[in-house]
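>>> Requesting a structural model of the entry that follows:
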Amino acid sequence: MHNKFKLVIVLFSALLFFSFSDKEKSILDATPISKVVAGDTITWKLLGEIKFNTKKHPKYGEVQFPVVNDKVKLRGKKKVYISGFIVPIDNKSYALSKNVFASCFFCGKSGPESIVGLHFKNGTPKLKTDQYVTIEGTFRYNENDVDDWIYNLDNAVIVKGD
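Below you'll find the predicted structure:
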């Protein structure tokens, strides 16, 4: 009797295992590739691995120019995903920040590497300050133009967020 009970448990477990495997496979097959982001995600930790060199600038005097690390440079001109907080720049533009507005780059609590300029694909959507979102876009870095962000996302689209 005890062996029959074990056999029933093993058969039931096998049935459950195979039925879940098929469902998981069909769910993954039905998921659009844009939703599978793990390999294309860029992290704030990686963006924070940056150095700065002080150089003369004709308009601003001495300026700290960024030196972007090679791992970040490999992501240049490629589609990436990044999550963060929406920070308004002016009435028409936003940036994505590692931190909420009260602790962002502008308040002196972090550096310029903790923010990414956003250039939306289909016009700027209506966004809220400190809204947490995941954005897909073409990554661009900048080491020379002091009037632009160090990091930018062109053709940006919000893929997850309120």
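
>>> C-alpha only now, for contacts and for neighbours.
Fine.

>>> who's the residue nearest the centre of the chain bridged to?
Centroid-nearest residue in the chain, with Cα atoms, centre = their mean: residue 82, separated by 0.4 Å. Beta-bridge partners for residue 82, by DSSP bridges, are residue 135.

>>> was I right about it contacting residue 46?
No - with contacts counted by Cα atoms under 8 Å, residue 82 stays clear of residue 46, the gap being 11.2 Å.

>>> residues in contact with the residue nearest to the centre of the chain?
By Cα atoms under 8 Å, 6 or more residues apart in numbering, the contact set of residue 82 is 41-43, 134-136.

>>> just those residues: which has the poorest pLDDT?
By pLDDT, residue 41 ranks lowest within the contacts of residue 82, coming in at 92.

>>> in the sheet, who's paired with that one?
Going by DSSP bridges, residue 41 forms beta bridges with residue 81.

>>> from here on, count from 33
All set: I'll call the first residue 33, so the last point we hit is now residue 73.

>>> Let me have the contacts of residue 114 in a markdown table, extended by neighbour count and distance to residue 148.
Shown next, in a markdown table, are these (neighbours: other Cα atoms under 10 Å; distance: Cα to Cα, whole Å):
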| residue | neighbour count | distance to residue 148 |
| --- | --- | --- |
| 73 | 17 | 14 |
| 74 | 18 | 11 |
| 75 | 15 | 11 |
| 166 | 17 | 12 |
| 167 | 22 | 11 |
| 168 | 25 | 12 |
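
>>> Need those in CSV (columns: distance to residue 118).
Shown next, in CSV, are the contacts of residue 114 (distance: Cα to Cα, whole Å):
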residue, distance to residue 118
73, 18
74, 17
75, 16
166, 10
167, 10
168, 14
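
>>> ok, so of those residues, who is nearest residue 108?
residue 74 (11.0 Å; Cα to Cα).

>>> For this structure, just list every one of the helices.
For the chain, applying DSSP state H gives helices covering 34-62, 76-79, 102-105.

>>> tell me which residues in stretch 173-182 are buried?
Residues of stretch 173-182 classed as buried: 173-174, 181-182 (neighbour count, 16 or more other Cα atoms under 10 Å).

>>> My read is that residue 166 contacts residue 115, right?
Yes - Residue 166 is within contact range of residue 115, at 4.1 Å (criterion: Cα under 8 Å).

>>> ok, of the helices of the chain, where does mean pLDDT dip lowest?
Ranked by mean pLDDT, the helices of the chain bottom out at helix 34-62, with a mean of 39.

>>> Nearest residue to residue 184 in space, please, no chain neighbours.
The shortest distance from residue 184 to any residue other than its chain neighbours is 4.4 Å, reached at residue 149 (Cα to Cα, 6 or more residues apart in numbering).
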